[in-house]
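Trainee: Fold the following.
(2 chains)
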2 protein chains.
Amino acid sequence: MRIAAKSAGPGEAEEEPGRAGGRTAGAAERAKRADFTDVRANNLGFVLRQVRAEGRCSRADLAAKTGLNKATVSSLVAELIERRVLRESGSVIGNIGRPAVLLSVDTGYYASLGVEVNVDYMTLVAVDLAGNRLLSWRRAHDGAHATPGKSVSALAGLAKRAVDRMDSEGRQILGLAVAVPGMIDNDGVVQRAPMLGWSDFDLTGRLRQAMRDPKYAVTADNDANLGAVAEQRFGSWAGVSNMIYLTGEIGLGAGLIVDGELRRGATGFAGEIGNLLIEVDGRVGRVEDFAGIRAVLDELSESDDIAGTEVEAEVEDIVTRARAEEPRVVAALERIGRCLGAGIALAVDLLNPEAVVLGGHYQALSPWIGPAAETELAARTHASGAGGAEIVVSALGHEAPALGAATGILNDIDAGLMPTPLGR
Amino acid sequence: MRIAAKSAGPGEAEEEPGRAGGRTAGAAERAKRADFTDVRANNLGFVLRQVRAEGRCSRADLAAKTGLNKATVSSLVAELIERRVLRESGSVIGNIGRPAVLLSVDTGYYASLGVEVNVDYMTLVAVDLAGNRLLSWRRAHDGAHATPGKSVSALAGLAKRAVDRMDSEGRQILGLAVAVPGMIDNDGVVQRAPMLGWSDFDLTGRLRQAMRDPKYAVTADNDANLGAVAEQRFGSWAGVSNMIYLTGEIGLGAGLIVDGELRRGATGFAGEIGNLLIEVDGRVGRVEDFAGIRAVLDELSESDDIAGTEVEAEVEDIVTRARAEEPRVVAALERIGRCLGAGIALAVDLLNPEAVVLGGHYQALSPWIGPAAETELAARTHASGAGGAEIVVSALGHEAPALGAATGILNDIDAGLMPTPLGR
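Mentor: Numbers count the residues shown, from 1 in each chain, chains lettered A, B, ... in the order given. Got it, this is the predicted structure:
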């Protein structure tokens, strides 16, 4: 590699507008990242990703792995340490020369917060820079009946408790991201979240206000998108380049990983899979109506009217009856699985992923719906063998969207959007 | 920007395996490009794209635009000139100092070839490094009835004539890419091209053989994918980040541009849109069966049995009758347009593009099917206003796949996969 740093000390490193602190997570910015306008930012991200991949490594290892020369690597590492992204952690004695200092991701300084608000619950996850869970809270929340204002208050209350906890540990908050079951535009405005009764609702603005205008960014995204982000980073198919993640909550949504990145579409509305039309056993209908969790409850719940907060208990009850091999339950779940597989086949024809991940309540129901869905997928796709696509069960379950919200910020950092420690 | 070239003379530039000459155009390699393992390659591509965007510019302009320092820019430009990618073309006198030499894309040295084989025709396009058409040939070819061997001979014959012509102009061939209406895996093997009667057919291997193992790469890709590449580079919506291109040949295929790049899926099979189920006026069926060009002919052609080579004439006849406002023709085209719009709506829900481009025979039929499709799209998508998606008509028509084949190689060069002139 022929590129050398002449004078790239961290003190001289350019501070770009919008790089530190007030970042937004819109698709426009993400798209911009894909261009190579900022060589140093790319290199910072590249070195960080190398350290992540190796666990611990020396500057010399990094020079060998990246092809950058040692002076450049030292300068990049110095900046990453100053930014509290990397830290020195011990040293190792090699065959010749001085002991090499080892570098690892600095897990002690930052925290990133993700919250999910849904029909029946709220979830909060905090992670450090390595993605280790610092907090993982879940509480019942009747999102279907709460006013938007009440939901914002509940969200702000939950987030404030987490912020206080992180403060008390001396951690700086990188950002707060909210997962919402609905269509969020690239400005963070909830265009439609029918299950929550929200439309054209400036969630992030209201939440910033309720939290008294914090210094870190407050963003929002679709729950399926964020679930996909979490699955790609931490799930059983982590690192897969092409994946469709299905939410499996009361509504059916999809998050799309294509060529290694979450794809939101032009205006943030990609992944609306529920309208796909399927024909199974001579019946024609929308895949969400035939195979969403509401269809499961409508068909199998023994309650007449289910409050949002009771969905999980109802699903558990259905699982219990399926385990007991109650014929009606097993047959219905199998039929629902076939409907789900029919819908998945259409999306697989279009997107040709390696994996379709069943998230949310599908996780608990997967022993019955999974095999039926897989059979139908294989039978219906244009490509033989479903073009290699497999249906797999989420390892993260209901935590996925909040975890994805918290880790989306880590993806930004990995891409070179480096945070600035307070007081600098 | 803090990165300076210490000694990046082109003579020292690393020659990476696979970079020069025998490139392949598989998705795996494209995916690899997205990582930042090769800073110099990225920078070469970045400088080239800047020159393209500016038309003509000086080294000082490039330093200002890219943020790279002047020594780095000079070194990158020297390599690009040596590789015959840029050339010096005149100079301009500024306010101070020496006249600045202007740089532009070198259009005089390379040629890239694209061929399309389809049910009713073959098309060949040759372009220079700026994408200017050097050749644009079209000939009838009864792909539906020719044996694979005969199609390969016809392709090789057409390509050889083009190669000879380029040779006589002193141009070096960058590569030959073939567009096929079928599913091509990432190794260039045609898994299925039902309309041509091909399955598991090593098209590129056979073509290399028929052309006596040329020095340049011979690749193959799906016609819809390559049409999308051409539309994104040269079409009326050039530069759009999210687009669905529809082929509009006897079969219905889609090429997907997502976040600025063609997406082939995990194994190269993305874009199979024909199986999408639609319900229009109470009838349920596949979008390809209801709205493909075969449906147009089945419904409106006055001939009983149409040979592949007659499709274009039949479509022209239908257009003539539609222009004469023959009620049955107008009504049928409108109904077909609504079916097409219903299918497009499902894909738009999933992918949220800015534009859906109607290619191939849809171009001629668009005055009748386009408005009907647009109405149906707006009425059916989950996002209001179709999430901003518009249905637009291809400006490139039947030339698009072959043009995309020829220009795919330019995209590789723009991404930093630089060619090496012969004799080096």
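Trainee: how about the residues of the stretch 151-300 of chain A that lie near chain B?
Mentor: Contact residues, the stretch 151-300 of chain A versus chain B (CB under 8 Å from any CB of the partner chain): A:183, A:191-192, A:241-242, A:254, A:256, A:258-261, A:263-279, A:284. C-beta: built from backbone N, CA, C; applies to glycine.
Trainee: Residue A:222 touches residue A:185, doesn't it?
Mentor: No: judged on CB atoms under 8 Å, residue A:222 makes no contact with residue A:185 at a distance of 10.2 Å.
Trainee: overlap in contacts of the two?
Mentor: Contact criterion CB atoms under 8 Å, 6 or more residues apart in numbering or on different chains; residues shared by residue A:222 and residue A:185: residue A:268.
Trainee: And those two? Which one has more around it.
Mentor: The neighbour count for residue A:222 versus residue A:185, taken as other CB atoms under 10 Å in any protein chain shown, is higher for residue A:222 (28 against 20).
Trainee: residues touching that one, list them.
Mentor: Going by CB under 8 Å, 6+ apart, the list of residues near residue A:222 reads A:179-184, A:253, A:255, A:264, A:268, A:271.
Trainee: Give me the buried entries from the residues of the stretch 151-300 of chain A next to chain B.
Mentor: Neighbour-count burial (16 or more other CB atoms under 10 Å in any protein chain shown) applied to these gives A:183, A:191-192, A:241-242, A:254, A:256, A:258-259, A:261, A:263-278.
Trainee: Tell me which of those fall in strands.
Mentor: Counting by DSSP state E, these place A:183, A:191-192, A:254, A:256, A:258, A:261, A:263, A:277-278 in strands.
Trainee: which one among those residues gets closest to residue A:39?
Mentor: Among these, residue A:261 lies closest to residue A:39 (CB to CB), at 20.1 Å.
Trainee: Residue A:69 versus that closest one, what's the distance?
Mentor: Distance of residue A:261 to residue A:69, computed by CB to CB, to the nearest Å: 29 Å.
Trainee: And stretch A:288-306, how far out from the chain middle?
Mentor: Its chain's C-alpha centre and that of stretch A:288-306 lie 27 Å apart, by CA atoms, centre = their mean, to the nearest Å.
Trainee: What residues sit buried inside it?
Mentor: A:288, A:290-297, A:300-301, A:306.
Trainee: So among those, where is pLDDT lowest?
Mentor: Least confident by pLDDT among these: that is residue A:306, with 65.
Trainee: ok, the strand or helix carrying residue A:341 near chain B or not?
Mentor: Per DSSP states H and E, residue A:341 falls inside helix A:327-351. Yes: residues of helix A:327-351 contacting chain B under CB under 8 Å from any CB: A:345-347, A:349-351.
Trainee: List the buried residues for stretch A:366-377?
Mentor: By neighbour count on 16+ other CB under 10 Å, the buried set for stretch A:366-377 is A:366, A:368-370, A:372-374, A:376-377.
Trainee: how far out from the middle of the chain is it?
Mentor: Distance, stretch centre to chain centre, for stretch A:366-377: 24 Å (CA atoms, centre = their mean).
Trainee: can you give me the helices in the stretch 301-424 of chain A?
Mentor: Applying DSSP state H, counting those that start in this stretch to the stretch 301-424 of chain A gives helices spanning A:311-323, A:327-351, A:362-380, A:400-414.
Trainee: how about those helices, which one is nearest residue B:227?
Mentor: helix A:327-351 (16.1 Å).
Trainee: quick one, the closest one and strand A:254-258 angle?
Mentor: Interaxial angle, helix A:327-351 versus strand A:254-258 (axes from the mean of the first three to the mean of the last three CA atoms, to 10 degrees): 40 degrees.
Trainee: quick one, what contacts the residue of the stretch 151-300 of chain A found nearest chain B?
Mentor: Nearest residue of the stretch 151-300 of chain A to chain B: residue A:265, at 2.4 Å (CB to the nearest CB). By CB under 8 Å, 6+ apart, the residues touching residue A:265 are A:27, A:271, B:242, B:258, B:351-353, B:387.
Trainee: Now compare those residues and name the two farthest from each other.
Mentor: Greatest spatial distance in those: B:258 and B:387, 13.9 Å, computed using CB to CB.
Trainee: thinking again about what came up before, most neighbours among the residues of helix A:327-351 next to chain B, which one?
Mentor: Ranked by neighbour count (other CB under 10 Å), those have residue A:351 at the top, with 29 neighbours.
Trainee: ok, that one - contacts?
Mentor: For residue A:351, the contact set (CB under 8 Å, 6+ apart) comprises A:242, A:244, A:256, A:258, B:256, B:263, B:265, B:270, B:350.
Trainee: let's go with 6 Å and repeat that
Mentor: Applying CB atoms under 6 Å, 6 or more residues apart in numbering or on different chains, one finds that residue A:351 lies in contact with B:265, B:270.
Trainee: Could you report the pLDDT at it?
Mentor: In this model, residue A:351 is scored at 98, pLDDT.
Trainee: quick one on the thing from earlier: okay, the helices of the stretch 301-424 of chain A, which one's buried deepest?
Mentor: helix A:400-414 (a mean of 28; mean count of other CB atoms under 10 Å in any protein chain shown).
Trainee: From the contact counts, what lies against that one?
Mentor: On a contact count with 3 or more CB pairs under 6 Å, 6 or more residues apart in numbering or on different chains; DSSP states H and E, helix A:400-414 meets helix A:39-54, strand A:110-117, strand A:121-127, strand A:172-180, helix A:223-234.
Trainee: And the furthest pair within the contacts of residue A:222?
Mentor: A:181 and A:264 (15.5 Å).
Trainee: How many residues are close by the closest residue in space to residue A:92 that isn't next to it in sequence?
Mentor: Using CB to CB, 6 or more residues apart in numbering or on different chains and skipping residues adjacent in sequence, the residue nearest residue A:92 is residue A:100, 5.5 Å away. Residues near residue A:100, counting by other CB under 10 Å, number 16.
Trainee: Is it correct that residue A:248 is in contact with residue A:365?
Mentor: No: Residue A:248 lies out of contact with residue A:365 (CB atoms under 6 Å); the separation is 8.0 Å.
Trainee: residue of the stretch 301-424 of chain A with the smallest distance to chain B?
Mentor: With CB to the nearest CB as the measure, residue A:352 is the residue of the stretch 301-424 of chain A nearest to chain B, at 2.4 Å.
Trainee: Give the full set of residues in contact with that residue.
Mentor: Residues in contact with residue A:352, defined by CB under 6 Å, 6+ apart, are A:387, B:265-266, B:269-270.
Trainee: ok, the closest residue to residue A:43 other than its chain neighbours to residue A:104 distance?
Mentor: In space, and not counting its chain neighbours, residue A:43 is closest to residue A:76: 5.6 Å by CB to CB, 6+ apart. Noted for residue A:76: a distance of 15 Å to residue A:104, by CB to CB.
Trainee: Give me the more crowded residue out of these two.
Mentor: Between residue A:76 and residue A:104, residue A:76 has the larger neighbour count (other CB under 10 Å), namely 26 against 17.
Trainee: and the more buried one, what does it touch?
Mentor: By CB under 6 Å, 6+ apart, the contact set of residue A:76 is A:43-44, A:47.
Trainee: Flag the shaky bits of chain A, pLDDT-wise.
Mentor: Chain A contains residues with pLDDT under 70 at A:1-37, A:94-97, A:305-309, A:424.
Trainee: Residue A:143 and chain B, how far apart?
Mentor: Noted for residue A:143: a distance of 20 Å to chain B, by CB to the nearest CB, to the nearest Å.
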